[in-house]
Structures are given as structure tokens and as C-alpha cells.
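*Asks:* coordinates only, no sequence provided:
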């Protein structure tokens, strides 16, 4: 495991720019707090910006190596996904994925990952406004069913009755991926009904897209198939 400095920069609806930072350990969730370079104290975003909202994301949650996922946490749940990037490989500014008015207690959580651990991260938004992250660790020639990073449940159990309308995937694997270059959504008969290709974050900022949408029912899975 390694540690690395993480950064993020957002513009609030009041016109303020908030610089956030933290030190992340690979494969673990880490909070980004307000940087003391431009503020009196290192505090959570909810405390600093209570009652305010994000107008623009000037710098996505960024690190030196791979960044799997980031989100706004409210009372232990994923309130909104956030864009991720490797420092120097990003497109900016980025519109927020959801209009959020911060409350005291809200935090920004980020996970970094390295090629050696091969974590696959699937970030989705549904027609009900639910934001979710599913992850798994492919190993060798095998199928890996992704599970929710907080509940541990599969795709079908987490999102039954909802439709995925936007998503993006992050993985350092490339030619090892047999499932459409990323992840397939399989129905209860094991047939692909949706999915998305994944992005290597060191090469390109993972883009949110609305291709490969799928209606989710019980026993559906998000599966990554690898050949090595």
C-alpha cells in the first residue's frame, strides 16, 4: 500500500472557491477537508459550506496515481457522485452530477487505487436520483460481480425497479477485460442488457455517459469478465 496527496477544488454558488486536500491510503476511503492554505481550519465541507451548494468543480478529486471514486457522504449514505482524475489528466471545469445544498456533517470521501490491486469501480446514477458505487477486484481469468461499496449488496438488490441513466467505470485493466472493455449488466438469465466501457484514469479523465442504460430488476448483476 502507498499513500498520496489528494486535492479537489470547487466553486460554490456564493462565488467562493474551496480548496480541499487529504492524504489517502490506496484502496481505502479518505475524507478531503478544507485546506488550511486558504482557510483557518481543516474542517469537513459540510461544516465549512453549510447552506451553500456546488456551482462548478474546478478540479475533480485528483491524486498522483489511480483514483477509483469519490462521493459526498451524508449520514453514511452516498448523496452524490463526484468526478475523479489523475493530476494533470483532467477536463475542467465540471458541472456537478447533482444539485446539493450542504448540511453540517456532510463529507467528501475519495478512494485511490493502484494498478497492482486492479480494483474496478462502477459509478451509477438512476432515474430515481440514486447515486451508487459498485466495486470488485478481478483476479486472473474469471468473472467478478461488483458489490455496493457501503452495503455490500449486488446491483439487483441495491437498485431493483430503477433504471440506470448515467454511469462511468474506472479500471487500470485494458486488454484483460472481456466484458465489453468494462462492465456488463446481466439480467436474471445471464444475458447482457447494458453496461459501459471503463477508463484508465492515468490516460483520460473518466467521463460520465448515458449510453448502455438498463432497467434493473432483482437478481441482475454488474459483472466484469477478465482473461488474465
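*Replies:* Good, I have the coordinates. Model, not experiment: these values are computed from the prediction.
*Asks:* partners of residue 31 in the sheet?
*Replies:* With DSSP bridges as the criterion, residue 31 is bridged to residue 109.
*Asks:* so it is in contact with residue 109, correct?
*Replies:* Yes. With contact defined as CB atoms under 8 Å, residue 31 reaches residue 109; the gap is 5.9 Å. Placement of C-beta: from N, CA and C, glycine included.
*Asks:* okay, these two: which has more neighbours?
*Replies:* Set side by side, residue 31 and residue 109 show more neighbours around residue 109, with 20 against 16, by other CB atoms under 10 Å.
*Asks:* now do the contacts for the more buried one.
*Replies:* Counting by CB atoms under 8 Å, 6 or more residues apart in numbering, residue 109 makes contact with 29-32, 70-73.
*Asks:* all helices of this protein, in order?
*Replies:* 45-48, 155-159 (DSSP state H).
*Asks:* for the ones you listed, which one sits closest to residue 187?
*Replies:* helix 155-159 (9.0 Å; CB to CB).
*Asks:* hmm, what's the outermost residue in this protein?
*Replies:* residue 40 (29.0 Å; CA atoms, centre = their mean).
*Asks:* and it, how far from residue 92?
*Replies:* Per CB to CB, to the nearest Å, residue 40 is found 27 Å from residue 92.
*Asks:* now do residue 20
*Replies:* Counting by CB to CB - residue 20 and residue 92 are separated by 15 Å.
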